[in-house]
Structures are given as structure tokens and as C-alpha cells.
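1. Compute the structure for the input listed below.
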Amino acid sequence: MSIKLRTSLWFTLMVLLLSVMILVFVLVINGAAVTGDPAERLVKVVTKNTEDVEFDNGKFDWDDLDLYKKGVSCSVYNIDGEFLKGAVSESIDLSGYPLKDGLLREESFNGKDYLIYDTYVDMDVSGIWIRGLVENVWSSGLMDTIITLTFILLPSILVLAFGGGWLISWGAFRPMNKILAAADSISGGSDLSARINLKRGPSEMKKLSRSFDSMFERLQKSFETERQFASDASHELRTPITVILAQCDRAKRKDKTPEDFTNSINVIEEQTRNMSQLVQGLLGLTRLQHGTDRYKLKKADLSQFCLACAGEFVPEDDRGIELTCNVENGIEAEFNAALMQRLIQNLLQNAYKYGREKGHVCLTLKKADGRAVLSVKDDGIGIAPDDIDKIWQRFWQADPSRNESGSSGLGLSMVKEIAEFHGGTARVESSPGKGSEFIITI
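-> Below you'll find the model as predicted:
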């Protein structure tokens, strides 16, 4: 059974139960007035009073008498017909109507028809007359009207309750069809960019829609990262694999001496090392983007950490470049030591690679607006304005001729990802021929 049907049936059941309770309540409350035939009510009330009247120690006990009940007004007279007690309205004069035991008659007063019923009660030592008066109208018509309206209106109310419940449920769960359609599209892999973008509907459904959109975005990013990794790996590994295969073929055909084999093995080893470096770089970048590795942040002294990283740095090609540090003391930040070390190493390696021979590289750390600002500046070849946005791309290099060391071209891409992982930014300021400054804010 669907949620819409269950909700609608529940609404209908509650309305039915409430209607029955109201009807019973009306019956109980109006029980005194709604009793049917007025003549029957008149006789019953008068007869009941004759049974309840008592004469004790020369006095009548009126406590058990109901002088007005169910629309019947009663009057009590002594044996001589003198009025003793009663509840008849003063506008009705009954003095002209003699008492007659057991007689039910109809009279008119003030334009209305009334029924009168008298009965005599013999008390042995004395006696009394009890006269009852009731308007000659069927008061049960009120109950008839209530019951009639109930049978007419109740089915309509139930239909309205069921229909309203169904419409409310349909309106509430209609966005679910859109959510399911988008989920099916994503799971089928036909359109990873599909989003629900629910603008109207219940707040719960809009919240669910936003959660699904967020999940779809993460899935799309995951698939794109995987696709990018496969594409990059296949593209970048093609060259070293080709070199290795060619060197193996050459070694089998032409290498005759141990020196020849040693040279071939060295070439293969170098290409294998480049491949290993490339794969490790790609895996690290992909895991950082994908969030598969858990890198914990810990608050520590960033100033001392930067000085330590600079002291441990060993350039791949010295080229006579001098490294200086301008680090403010006591700067603390939350960072992951392994990632931050890789960021500093990559920036320094890039500066040494593209810096001016016998030039200078400066590592700076300062505090600005409550954030730590780390920069690495060189006085090398610089970057052309058209290439500023390209430097963060994978495998892009400003001067491919300097890639003799086997650099993978992933260093700056990793720097940008690490900066964003720490909630910061990475940017560059550069002029061709004057050098570049990479600025990281965390």
C-alpha cells in the first residue's frame, strides 16, 4: 500500500471517528429534549412524578419530583384543587380547566397548542393532583434533522477528507518522482550532470533534493576524476613505456658487451623511475581531489615548520641559486604536515627549476588579516600573461626544454589542491624575464 493511500485512509478514518463522536455527544446532550411523541413524554413524566411523591408526618416531600423535565411542566394541586407548587409559565392560565383523572386533552394558549394530562394520587390520609403541560410539537424533529444531515453530509465529508488527503499526499510526494528520475539517470550513467534543482514543494522535499544534488555532484566529480586519471596515466605513460620497449629490443639485438647491457639497464631504470614518480604524483593528486585519503589537520607552529622544510630542501639541479627565508615567528595554523611539506617542496623545486642561474629564491611567511600567507619568489624566466591560467593544469610546463630531469608537470597542480584542501587559495604574480612569485594563503 502506497504512502499516499495510507495517508488518505488515515485522514478519512479520523474524520469518520470524529463525526461519530460528535453525533454521540449530541445525542447525549439533547437526550432530555429529544424523546419523540409529546403525548408520550407528557404521560411518562406525570406518571413518574406520581410514583415519586411522598407524604410523611403530615407534609408532602417534593424533593424527588421533577416539575420540569423533557419539555413537560408539572403543577401540583391539593385534593380540593388548590395550587400548591408548579413550573407552568405565568402566561398560561389553567384555572379554568377542571382536574380530570387520566384525561389527555388538547388546549390552546397564546396561539400555541398544548396537551394537558391530569392524574390523582391517593395518599390514604390525603391526596394530590398532578397536572402536566407540554407543547404539542414533535421535538424529536430536531434529532431527525441531525440524523438526516449526518447521513447526507457525512459521506460528502468523508469523500472530501479522502480527496483532500490524496491531493496533499500527491503534492507532497510529487517531487519524489523527479528525484527518482534524476537518480535513475545518474545510476545509468547517461547524464552525470543531471540535477534535480527542486524550486517548489514541501521544505522536506527541497532539503532532500539539495542532499541528492550534493551527492550527484560528488559522484560526477568522482567519475570525472577517475576518467581524468585514466586519461592522464595512459597519455603520460605512453612515452616511457615506448622508450623501455625500444631499449629492450635494442639490447636484445645490438648489445654485446657488459657495458652495452649496463647502459640499456640504466636507460630502463631511469624511465621506470620517471613512471613511478608520475604514477605516485597522479595518485596523490587524484586522492586529494577525490578525498579518498584522510589527511588530518593539526594546529602547529607554521613558522618553524617552513624553516625546517627549507633547511631540508635539496634541489634536483643546484645551478648556484641562493635560498633565503623571511619568516615571521610564532605563526600558528591548522595544517597537515605531509601535505604542507609537499607544497613547500614543490614550490621551491619549481623556483629552482625556472629561476635564473646563480640567482635568488626567497621563501616568505607572514600573517595578514588573520591568515597565514606563504610565498616563494624567484628571479627567473617568469610566465607569459597568456600562460598564467595554464600553470595550474596537469602536465603543463612553461619551458618543456627544461624537463630533462624527468619532472611530471604535476607539482603546481598539487600545490593548488593542497592550498584548497586547507581552505585557502593559490595564485601567482609574474612578469616575463623578471621572475615569479607564488602566493599561498591558508
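2. switch to C-alpha atoms for all contacts and neighbour counts from now on
-> OK.
3. M205: how many residues sit nearby?
-> Using other CA atoms under 10 Å, M205 has 19 neighbouring residues.
4. Check the offset of the helix or strand encompassing it from the chain's centre.
-> M205 is part of helix 203-254, with elements assigned from DSSP states H and E. Relative to the centre of its chain, helix 203-254 is centred 34 Å away, using CA atoms, centre = their mean, to the nearest Å.
5. Report the mean confidence score over that helix.
-> Averaging pLDDT along helix 203-254 gives 76.
6. Which strands or helices does it pack on?
-> Other elements packing on helix 203-254 under the criterion 3 or more CA pairs under 8 Å, 6 or more residues apart in numbering; DSSP states H and E are helix 140-188, helix 258-290.
7. Direction-wise, compare that helix with helix 140-188 and give the angle.
-> Angle of helix 203-254 versus helix 140-188, following axes from the mean of the first three to the mean of the last three CA atoms, to 10 degrees, is 10 degrees.
8. Tell me how many other residues surround I388.
-> Applying other CA under 10 Å, we find 16 residues neighbouring I388.
9. what's the answer for E82, then?
-> Residues lying near E82 (other CA under 10 Å) number 12.
10. K296 - that's part of a helix, no?
-> No: secondary structure of K296 (DSSP: H, G, I helix; E, B strand; the rest coil): coil, not part of a helix.
11. Mind pulling the model confidence for the nearest residue to it once chain neighbours are set aside?
-> Nearest residue to K296, sequence neighbours excluded (CA to CA, 6 or more residues apart in numbering): N336, at 6.0 Å. If you check N336, the pLDDT there is 87.
12. what's the answer for K44, then?
-> pLDDT, K44: 90.
13. quick one: secondary structure of it?
-> Secondary structure, three-state DSSP: K44 is helix.
14. and if you look at K48?
-> Under the three-state scheme (three-state DSSP), K48 adopts helix.
15. show me the contacts for the residue nearest the centre of the chain.
-> With distances taken as CA atoms, centre = their mean, the residue of the chain nearest its centroid is K207 (4.0 Å). Listed by CA atoms under 8 Å, 6 or more residues apart in numbering, K207 has no contact partners.
16. Could you check how far it is from L17?
-> To L17, K207 is 35 Å away according to CA to CA, to the nearest Å.
17. Please apply the same query to E417.
-> Remark: distance between E417 and L17 (CA to CA) = 63 Å.
18. Of those two, which one has the most company?
-> Higher neighbour count among E417 and L17: E417, with 21 against 12, using other CA under 10 Å.
19. can you tell me how far the more buried one sits from W170?
-> Separation of E417 from W170 (CA to CA): 45 Å.
20. next one: P98
-> Taking CA to CA, one finds P98 at 74 Å from W170.
21. Quick one: neighbours of T119, just the number.
-> Neighbour count of T119, defined by other CA under 10 Å: 20.
22. OK, contacts around the closest residue to it other than its chain neighbours?
-> Sequence neighbours aside, D101 is the residue nearest to T119 in space, at 4.4 Å (criterion: CA to CA, 6+ apart). Residues in contact with D101 (CA under 8 Å, 6+ apart) are Y117, D118, T119, Y120.
23. quick check, nearest of those residues to G320?
-> Within those, proximity to G320 (CA to CA) peaks at Y117, which comes in at 133.6 Å.
24. Mind jotting down where the helices sit in the stretch 1-150 of the chain?
-> Applying DSSP state H, counting those that start in this stretch to the stretch 1-150 of the chain gives helices spanning 3-29, 38-52, 140-188.
25. From the contact counts, what lies against the second one?
-> Yep, that's helix 38-52 we're talking about. In this structure, helix 38-52 packs against strand 72-78, strand 112-122, strand 127-135, with contacts taken as 3+ CA pairs under 8 Å, 6+ apart.
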